Structure formats: structure tokens, C-alpha cells
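A.B. asks: Predicted model, plus sequence, below.
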Amino acid sequence: MVSNQDVAAVFAAMADILSILGEDMHRIMAYRRAAENIAALGRPLDELWRAGELETIPGVGKTLAAKTDELLRTGRLEAYEKLKSQVPEGVVAMLRVPDVGPRKAALFWKELGITSVDELEAAAQAGKLRGLPGMGVRSEEKVLAGIQALKRRSGRMLLDTASELAQALLAPLRDVPGVVQVAAAGSLRRMRETVGDLDLLVATEDAGPVMACFCALPQVEEVLLSGPTKTSVRTRDGVQVDLRALPPARWGTALQYFTGSQAHNIRLRALAQERGLSLSEYALKREDGTEILCASEEEVYGALGLPPIPPELREDRGEIEAALAGALPALVELTDLWGDLQFHTTASDGRGSLREMAEAARAAGLKYALVTDHSHGLGIARGLSPEGLRRQRAEIDQVNCALGPAFRLLAGVEVEVRADGSLDLPDECLAELDVVVAAVHSSLQQSREQATARALAALRHPHVDVLAHPTGRLIGRREGADLDMEAVLRAAAENDKAVEVNSYPARLDLNDGHVRRAVELGVRLAIDSDAHGVEGFRLLRFGVATARRGWATPADVLNSRSVDEVLAWAKK
DNA sequence: GCCGTTTTCGGCCCGACTGTTTTCAGTCG
């Protein structure tokens, strides 16, 4: 079967080849935009295809719809095969080298017959690049450095890692004299599930000292480039960090620009043009050259006739159209969460006692939390038997007595869904619990049919209330189950079951695209910390961010409701 | 290749930094 990712990859690859062939850059951009929007689609492409709605995807017109049709029907695309035959694969691979773009890749290929990154490295080492037009010794050195960087490039960071690194780098900058404000922007501020580079922003009238301080930070291994307002470095961990400094009066346009995404900015700047304005990180400029300075992002969007668009939505996935129509969702916020529906204790694989975890949940501002230790079937997590669950119930009652009425522990379990879809706890045991969370942790290599049937069986089980981390993915470590997510979400909606948005940074499962589809289908979401220690409740902000990226409002979220409402719903 | 309350053709965001250049092209975000 041809997946969304397959189609997106083909269009992205076509864009790369077209760029080396020197095609019109706007045509190339069109391929890239379509690829991105298809990759981010929360629903299967072949569904839109069957409904004849391919052209409803932003950036997909008649031509690309026809190409998508050909791919879905035949599994291949004639135009792509033709392009591939014109440019060697290794030449396209050279685009991955920092500071090597389409023009230089084409130059190395055409002038020196270089058709791979390895050959490029050898040519640079032999001093063969410096004689090419537009190249010199410095450029040759940059190519070599770029290849080294490519070889030891660390993958994208998880959100908590990126967040901690950003705070560690920003703290000393905040103390530089003259600095008014600092912020992490870029994909971290948009809360994309992983972060490649960090983008830091500083408001100051005097950028010099900030740049100097930044370059001298202990985490910095190499300064990649440095100008009066912009510096890029690579840290010892191999992370590229870009720092930009602008005057406080321009903070709004600067933060807007540096938050991105690039696709969102391009759309916004085009919108500005339609209104006779030019938008940059410095200001909105009228046609007569006068500037409108914006100290806040609200002013930027306001000047364009738009309500402020939350950073999590800024991906050019319909947010600008929604803003224009006054139809932006009022996104769920961390403070909307009254409870948490998954955490663990020392009774299974957690590190905190029931009492410690309850106090931590209360300290995190929650009014209730569901204890969900693993069931005994999950051997590695020392799960609970029916007997163990009964004993835990007594302990829960004790803690509730001790903590008083302002906070309440609920009795639950994270029951294992076996490979055949059955649960590893008997019905009478599940019936005694307040809320039952079901999840898959093993046999993740099942076929799509088996994996989907397994999830559907769990959702149809009368005692199951929440399906936790449906795909079971661990970002960067393992792919999740191959699920027909559309079928899973529809089953959740039909059976009035909740589906989890797991806040653990390596999970974020459902992901943003699936959340968006779940919201469209009216599926209840449970944003859970999955805390395994007292500090774990802090992770909820990442789950909330993922839900926000999927356009979820408080009404879509089960645990934004009171404990009585949740219990009544689970009883039904 | 997409797209349209000024357009079905002619536009398509805007600027920093670098290196190789005498005014700019390439890359990046």
C-alpha cells in the first residue's frame, strides 16, 4: 500500500532533483509545500483519493492530484522515474551537506563528474574544488567541514531535551547588561514533537555583548557564523543553535518571524502584501516606506486583521484561513486539566510510592489522578495481579483520607492488551475499578490487520475506558504498531471511548496529526502524564502542546472535566 | 505547480551571512 509518507517522499525527492536541474524555484516550492502538507495529513490519503478530494489539500492542484492518483493506483510515478534517470542519486545526496545547495551540487557534478558525498570529500581533500567558478579555498574548507558535520550529525532532540538545553543557554544571556527579554522560538516554541536546531531570540539595543557572551558559553564547541545581529554555533552535543538579537520595540515581528514555521511565515507575508504591507522580522512596512513597529506578536497579527494565532498552530495547515474566518479554536491549556488519567507507582515500574505520587500530582495543580500500574501480564514492569489491585484499592482509600477532599486518587490499571486482543485481567476485576486504561506493550511487529484488530478489540471491550498510547512508538528508538488509525479513531467515537495523548516526550502518542483527526471525529482525548516518578507530572505540558497542535479544545479533553463527570462517563 | 472580493496569467516572503566578488550569488531559515 502507498502511504501518505511515501507520496510525500516522492514529491520531496522530485523537488530536490528539479532544484539540481535548475528548474523554476517556485515550481520546486510547490512540490515541497505539497509534500509537507501530505506528510502532515492526519488521515489516509487514499480516503481523500476515493472521495475525489485530493485537491482540498493545500498546495495540491490538478497536476499534483493527478500524480498522486497515479502513485496510489500503480505504486509508481512515471514523471518521477524520468527525473531520477536524469540526476544520479549521489548528487541529490550532496544536498544534505550543510552549505551545499542545488547550484553547487550541480557544479560539482557537471564540472568534476562527482556523483557521491564520498567522491566530493575526496575531491575537496585533493584541492580540486577551489578552482571552480565561485569557489575558493574557504569554500572548499566549508564543504569538508559540512561533510564532517553531516557524518556526526546527531538526530533530532526530544522536546524535554531541547527545552532544557534552551533554558540552560538562555539563562546567562538574560544576565547580559542591556538585555530586556529572551525567548526560545522555532520549532521548540511551536512544540513540534522533535527539535533539530534551537532558535534563540534576545531583545536588546546593544547586540555586541550578547553575541560575545553566547560564543563564549561552555556548551559551545564551534562558532559557525557570526555577524552583528545573528550568530550560529554548534554545541558539544552536536546541536546547532542560532541566536538573533533585535531591539525591544521590534520584539513582536522578531518573535513572530523566528517562531516560524517557514511555511506559515511565507503565507503570512503574502497576506501582508495583499494588504499593501511588507512583513519582515524588523517591522511591517507600508508602500511609502514607513514602518509599523510591533512590540508584541498580537500587534503583528492585529495589523494584518487577524486574531493572534497560537505558535502550535503555525504550520500552514489551515490556521491562516481559520483566523481570517474568525474560526480559530480556543485551544486547551495546561490549566484546563483537572486530572491525570495515567501514572505509575512502585507497585509496578514507577519510582514513587502512592502517597508521594499523589502529593506530587496535587502539587502540580491537579484535583484528581488515576493510578494505573501495569497488570501482571507485562513481566518486565512487575505488574499487579487481581489480588494486588485489591490491596492497592485499600491503600488508595488511606491516601485519600490523609490528603483530604481537595484531591482525589482514583483506582485504575493500565491493563495489557494481549497479542490476540484479549485483556490479561478478568472482567470482574476490571469492573471494580473507577477507570480502566488499556494498552499494548508487546508484539508490536504485528501486521496492520492484526494490530488494528487488537486495538479495536480493546476499544469494544465493555470495561475499557481509555486506549493508551495507541501506536506504542518510541521516537527515535522504535516505530509504533502499523495501525489503521482511521478505523481505531472511528471505533473510539462509536463506542464513546477515550484515546490517550501520552505526554512522555518519546511517545507523544497520539501525535498531532492523529489528534486533529480525532477532534474532527469527535473522539474524547485523555491527556496523560504517564508519570513514573514525582517529577513526571511536569511532562503534561508536552501532551497539552501535542493536543494543541491537533487543534484540540477543552471540550475535546476528558480530563478537563470534573472527577464526578469522568466517573459518571466511565460508569455508563 | 499553485492560485485568485483588483487576476485563469503572472505573480510567487524577506533578510543575514559568507565568500568571491567589484555588485552579487549561494545558502539558510
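C.D. replies: Arrived safely.
A.B. asks: Just give the nearest non-adjacent residue to the residue of the stretch 351-500 of chain A found nearest DNA strand B, would you?
C.D. replies: Going by C-beta to the nearest atom of the strand, DNA strand B is nearest to A:G476 of the stretch 351-500 of chain A, at 19.5 Å. Every C-beta, even on glycine, is put in place using the N, C-alpha and C of the backbone. In this structure, A:G476 finds its nearest non-sequential neighbour in A:G155, 5.9 Å apart by C-beta to C-beta, 6 or more residues apart in numbering.
A.B. asks: what about the one you found, how many residues close to it?
C.D. replies: By other C-beta atoms under 10 Å, 10 other residues sit near A:G155.
A.B. asks: mind checking the SS state of it?
C.D. replies: For A:G155, the assignment made with DSSP: H, G, I helix; E, B strand; the rest coil gives coil.
A.B. asks: Give me the secondary structure label for A:P228.
C.D. replies: Classified using three-state DSSP, A:P228 is coil.
A.B. asks: show me the contacts for it.
C.D. replies: By C-beta atoms under 8 Å, 6 or more residues apart in numbering, the contact set of A:P228 is A:A207, A:G208, A:M211.
A.B. asks: If we use 10 Å, what do you get?
C.D. replies: A:A207, A:G208, A:M211, A:A245 (C-beta atoms under 10 Å, 6 or more residues apart in numbering).
A.B. asks: could you dump those residues to TSV with pLDDT, secondary structure and neighbour count?
C.D. replies: Output for the contacts of A:P228, formatted as TSV (pLDDT from 0 to 100; DSSP: H, G, I helix; E, B strand; the rest coil; neighbours: other C-beta atoms under 10 Å):
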residue	pLDDT	secondary structure	neighbour count
A:A207	94	helix	23
A:G208	94	helix	13
A:M211	95	helix	22
A:A245	96	strand	27
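A.B. asks: for stretch A:69-88, which positions count as buried?
C.D. replies: Of the residues in stretch A:69-88, A:L71, A:L72, A:L77, A:Y80, A:L83, A:K84, A:V87, A:P88 count as buried by neighbour count, 16 or more other C-beta atoms under 10 Å.
A.B. asks: Go through those residues and name the one nearest A:V399.
C.D. replies: Nearest to A:V399 out of these is A:L72 (C-beta to C-beta; 54.6 Å).
A.B. asks: For A:T471, give me its contacts.
C.D. replies: Counting by C-beta under 10 Å, 6+ apart, A:T471 has contacts A:440, A:444, A:451, A:455, A:479-483, A:485, A:488, A:502, A:507, A:509-511, A:514.
A.B. asks: what's the nearest residue to it if we skip its chain neighbours?
C.D. replies: For A:T471, ignoring the flanking residues on the chain, the nearest one in space by C-beta to C-beta, 6+ apart is A:G480 at 2.7 Å.
A.B. asks: Looking at the one you found now. What's its pLDDT?
C.D. replies: Among the per-residue scores, A:G480 shows a pLDDT of 89.
A.B. asks: Look at it and tell me its secondary structure.
C.D. replies: Going by three-state DSSP, the secondary structure assigned to A:G480 is coil.
A.B. asks: That one - how many residues pack around it?
C.D. replies: Look at A:G480: counted by other C-beta under 10 Å, it has 19 neighbours.
A.B. asks: Point me to the helix or strand that includes A:K67.
C.D. replies: Assigned by DSSP states H and E, A:K67 belongs to helix A:62-74.
A.B. asks: With A:L200 instead?
C.D. replies: A:L200 belongs to strand A:198-204 when elements are defined using DSSP H and E.
A.B. asks: now A:L525
C.D. replies: Following DSSP H and E, one finds A:L525 within strand A:524-528.
A.B. asks: Which secondary structure elements does that strand sit against?
C.D. replies: Using 3 or more C-beta pairs under 10 Å, 6 or more residues apart in numbering; DSSP states H and E as the contact test, the elements touching strand A:524-528 are strand A:339-343, strand A:368-371, strand A:435-439, strand A:466-467, helix A:485-494, strand A:498-502, helix A:512-521, helix A:540-549.
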